[in-house]
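Engineer: no sequence on hand, only this structure:
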């Protein structure tokens, strides 16, 4: 799941991606849900993020660690207590913890820590360009997929007896992921690409349309890219060994 941390009064956006391996060391990426967490203090948002992580059995959460995001990261590493159930939600171990001055977070880990759960994203111009190009490449090659549009989902739901029996509130809850998908697509359509040297700079055509859902999406996709790259290198290395063995 990719997580874009809300700034000040902005919401935090979460995009959950299901990946299905193919035969050529790549994955098909399917957005299965988009969740908006209303602006509130970091502690409460972190509890919600951990519950989403558990619900979808995520492999990793890529979390925006710039600016206010660093405060969220510090909270996500610590254990939390769900105020509703009293359940202890283990802190997230950091996958890319810095080695420069020793691991920054390791002394905060407990017996409840979910190890290798969080990848801290420190996006910059070059990395944003890389993530956008990867998204575009996967989309053009049919490996980036979304939920159906909300109007199609609503028509399908209302064509079923179960949908007709739902209350208005139940239908709204059911259709929310499709509504969020439409909002994500609107954010993508609003982006303008400009080249600055080797980098692609994304700008908003209309400042009224945010790009936070798209940021959460490409954060999650970046983890897919890292995993694909790792698998590809391992397979190439294994093939190289096999070739050497065959020659001898």
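Structural biologist: Perfect, thanks for sending it. As the structure is a prediction and not an experimental result, all values here were calculated from the model. Numbering: from 1, shown residues only.
Engineer: low-confidence stretches in this protein?
Structural biologist: For the chain, the stretches with pLDDT under 70 are 8-9, 99-102, 233-248.
Engineer: phi, psi of residue 201?
Structural biologist: Note on residue 201: its backbone torsions stand at phi -110, psi 130 [degrees, to the nearest 10].
Engineer: beta partners for it?
Structural biologist: Per DSSP bridges, the residues bridged to residue 201 are residue 194.
Engineer: for residue 2, see how far away it is.
Structural biologist: The spacing between residue 201 and residue 2, counted by Cβ to Cβ, to the nearest Å, is 20 Å. C-beta here means a position set from N, CA and C on the backbone, and glycine is covered the same way.
Engineer: cool, residue 107 as well?
Structural biologist: 27 Å.
Engineer: these two: which is more packed in?
Structural biologist: residue 2 (30 against 7; other Cβ atoms under 10 Å).
Engineer: tell me where this structure has helices.
Structural biologist: 42-55, 69-77, 125-140, 150-158, 161-165, 168-189, 212-247 (DSSP state H).
Engineer: which among those is found nearest to residue 28?
Structural biologist: Residue 28 lies closest to helix 125-140 among these, at 8.8 Å (Cβ to Cβ).
Engineer: quick one: the closest one to helix 168-189, angle?
Structural biologist: 110 degrees (axes from the mean of the first three to the mean of the last three Cα atoms, to 10 degrees).
Engineer: and helix 125-140, how far from the chain's centre?
Structural biologist: 14 Å (Cα atoms, centre = their mean, to the nearest Å).
Engineer: I'd say residue 34 and residue 12 touch.
Structural biologist: No - when contacts are counted by Cβ atoms under 8 Å, residue 34 is not listed as touching residue 12 (11.7 Å).
Engineer: which one's more surrounded, these two?
Structural biologist: Between residue 34 and residue 12, counted using other Cβ under 10 Å, residue 12 has the larger neighbour count: 27 against 24.
Engineer: need the contact list for the more buried one.
Structural biologist: 3-6, 36-37, 39, 45, 49, 72 (Cβ atoms under 8 Å, 6 or more residues apart in numbering).
Engineer: please check those and keep the buried ones.
Structural biologist: In the contacts of residue 12, burial by neighbour count holds for 3-6, 36-37, 45, 49, 72, counting by 16 or more other Cβ atoms under 10 Å.
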